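# No sequence on hand, only this structure:
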């Protein structure tokens, strides 16, 4: 399916491939805006709402082959051939899955704080509880929703992130499907090796990319290298944007 998207043209003349930015779970196309605003200086930028998020279509499936196909359909509809893929968390897995679907279309690959592995830990149950509580309370405003969520969530930054998708008293992500498909979202099926340079950017304080994942990661991305951002957690691009952009730009210039 074609996803809701936003395209921005580069500010300077260039021959660089365009960049596709892909958000994570509970997000929207605005989430990687801090990267888009810098990279659009010399790359055309395409940002998307993933299925069951934002203004993109709803669907009962939420697995990585389906998400990768959505990305391919969107690129085809936009007339884009070669692409630089940058994804965070769930979006990072989606762009990795894209390399199995259409490897010849990928110019470069950046995965932010995520590994190509099946995660056994449920990290989002409190978020599901909070967003469901907002719906059950019939909240009409973001202020009301925030008050309800604070009963379930301690991190104000997470609450404010979620509120970006609360519009006119409704969530813009499909909560029932995300809950039902959650094992697929945190899961992973090993893909064929994409034997080109790839950049992984983990946060130094994040549990999402561990040394124990190294063999699985290199089996699928043999030329991968990691640039760890010290002092950052899972939202590494929001916490340390300058460091993330330096790493990305260095990789893109190679």
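The structure has been received and is ready for your questions. Here the structure is a predicted model, which means the values were calculated and not measured.
# Sketch out the low-pLDDT regions of the stretch 1-150 of the chain for me.
By pLDDT under 70, the stretch 1-150 of the chain has no low-scoring segment.
# at 90 instead, please
Along the stretch 1-150 of the chain, segments meeting pLDDT under 90 span 12-15, 121.
# ranges for the strands of it?
Assigned by DSSP state E, counting those that start in this stretch, the strands in the stretch 1-150 of the chain fall at 5-8, 19-22, 45-48, 83-88, 106-112.
# With mean neighbour count added, can I get those in TSV?
Glycine gets a C-beta too; all of them are placed from N, C-alpha and C. Compiled in TSV, the strands of the stretch 1-150 of the chain are given as follows (neighbours: other C-beta atoms under 10 Å):
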stretch	mean neighbour count
strand 5-8	15
strand 19-22	28
strand 45-48	24
strand 83-88	26
strand 106-112	23
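# among these, which is nearest residue 161?
strand 83-88 (11.8 Å; C-beta to C-beta).
# now for the closest one, which elements pack on it?
On a contact count with 3 or more C-beta pairs under 8 Å, 6 or more residues apart in numbering; DSSP states H and E, strand 83-88 meets strand 19-22, helix 90-101, strand 106-112.
# I'd like those as TSV, with distance to residue 65 appended.
Formatted as TSV, the helices and strands packed on strand 83-88 follow (distance: least, C-beta to C-beta, whole Å):
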stretch	distance to residue 65
strand 19-22	15
helix 90-101	6
strand 106-112	16
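# quick one: which of these is nearest residue 79?
strand 19-22 (13.2 Å).
# Residues touching the closest one, excluding its own?
With C-beta atoms under 8 Å, 6 or more residues apart in numbering as the test, strand 19-22 has contacts from 29, 32, 35-36, 39, 43-48, 50, 71, 75, 80, 83-88, 91-92, 94-95.
# Could you list the residues in contact with stretch 232-243?
Counting by C-beta under 8 Å, 6+ apart, 32, 34-35, 38, 88-89, 112-113, 157, 161, 201-206, 208, 229, 231, 244 sit against stretch 232-243.
# Now with 6 Å, please.
The contact list for stretch 232-243, computed with C-beta atoms under 6 Å, 6 or more residues apart in numbering, reads 34, 112, 113, 203, 204, 205, 206, 208, 229, 244.
# The residue nearest to residue 142 when sequence neighbours are not counted - how many residues pack around it?
Spatial nearest neighbour of residue 142, chain neighbours left out: residue 163 (4.9 Å); criterion: C-beta to C-beta, 6 or more residues apart in numbering. For residue 163, the neighbour count with other C-beta atoms under 10 Å is 16.
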